[in-house]
Every structure is written in structure tokens, then in C-alpha cells.
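>>> quick one: sequence plus predicted model below, questions after.
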Amino acid sequence: MIQIRRAKLNESSEILELYRTIINTTNDDFNPKWNENYPDLEFIENSILKEELYVYKTDEKIISSVVVNNDFGKRYDNAKWIVNAEPNEIVVIHAFAIDPSCRGKGISREIFNIIKENS
């Protein structure tokens, strides 16, 4: 069973490396619009300090990272939500990452289910 936990500040560089790996191995089929400027170390550290960044670690390696909060920002103002909820009742997932070598194993689905169950 997969367990995710809040990231620790001393894991910031390893988390950044995960994002860089994804950026460097992404092809045209999947483009999260990340680059060398985002997500950056400042974003990661701020998310950790706000207790919003979660990781899944196996074999002492972080293979997934995700920011979970209720900050839906201006980009979502015109979205047509199917649920009528207050902003503090909405959970938004940002910067979800999974190590390319772990794709297709159902790990992402399990992580999303954990987030859904705990929100």
C-alpha cells in the first residue's frame, strides 16, 4: 500500500531533481509546461513550509511529489464546476509529478485516491 507524507525541507533538492528529470524526459505527448524556471527550489521550499507538498518515497528515493491546497487562483475563475462549494471546501492538485520509470504501475491512481479520501 502506498503512503504519502508531507515533504521535509531537507528533501527540497531531491524533489527539484525529480521535476528536472521529468522536464528532461518529457516528450510532446505529455507537456505540463514546466521548465528550468518552474517548478523551482523556491516554489518547492515555500510549498513545504506551507505544509502543502507531499511525497511518496520508496527505496529511499522520492518517486512522486504533489502540492495539495485550496488555492485555485484566477485561472479557475471561469471554470464550470459540477459541485457548488466554497473555496475552502475545494482541493486543488498542483505540480503532480511521478518518476518516469514508475509510470504505468498504478501509483498515480493510488496517490490520487489517497488525496481524495483525505480531503
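It's in. Numbers count the residues shown, from 1 in each chain.
>>> can you tell me the SS state at residue 96?
Three-state call for residue 96 (DSSP: H, G, I helix; E, B strand; the rest coil): strand.
>>> what residues are up against it?
Contacts for residue 96 (CB atoms under 8 Å, 6 or more residues apart in numbering) come out as 64, 65, 66, 108, 111. Just so you know, the C-beta spots here come from the backbone N, C-alpha and C atoms, and that holds for glycine as well.
>>> try 6 Å
Listed by CB atoms under 6 Å, 6 or more residues apart in numbering, the contact partners of residue 96 are residue 66.
>>> now it: how far from residue 8?
19 Å (CB to CB, to the nearest Å).
>>> ditto for residue 94
Using CB to CB, residue 94 is found at 19 Å from residue 8.
>>> go on, residue 111?
In terms of CB to CB, residue 111 sits 18 Å off from residue 8.
>>> quick one, helices of the protein?
Counting by DSSP state H, the chain has helices at residues 12-25, 41-49, 107-117.
>>> residue 1 is nearest to which of those?
Nearest to residue 1 among those is helix 107-117 (7.9 Å), distances taken as CB to CB.
>>> if we can go back for a sec, so between residue 111 and residue 8, which is more surrounded?
residue 111 (23 against 12; other CB atoms under 10 Å).
>>> now residue 39. Its backbone dihedrals?
Dihedral pair for residue 39: phi -70, psi 140, per degrees, to the nearest 10.
>>> doesn't residue 95 make contact with it?
Yes. Taking CB atoms under 6 Å as the definition, residue 39 is a contact partner of residue 95 at 5.2 Å.
>>> the two: which has the busier surroundings?
Set side by side, residue 39 and residue 95 show more neighbours around residue 39, with 24 against 19, by other CB under 10 Å.
>>> who's in contact with that one?
19, 95.
>>> just use 554 as the starting number from now, easier for me
I'll keep to 554 as the first residue from here, and by that count the last item is residue 592.
>>> confidence score at it?
With respect to pLDDT, residue 592 scores 95.
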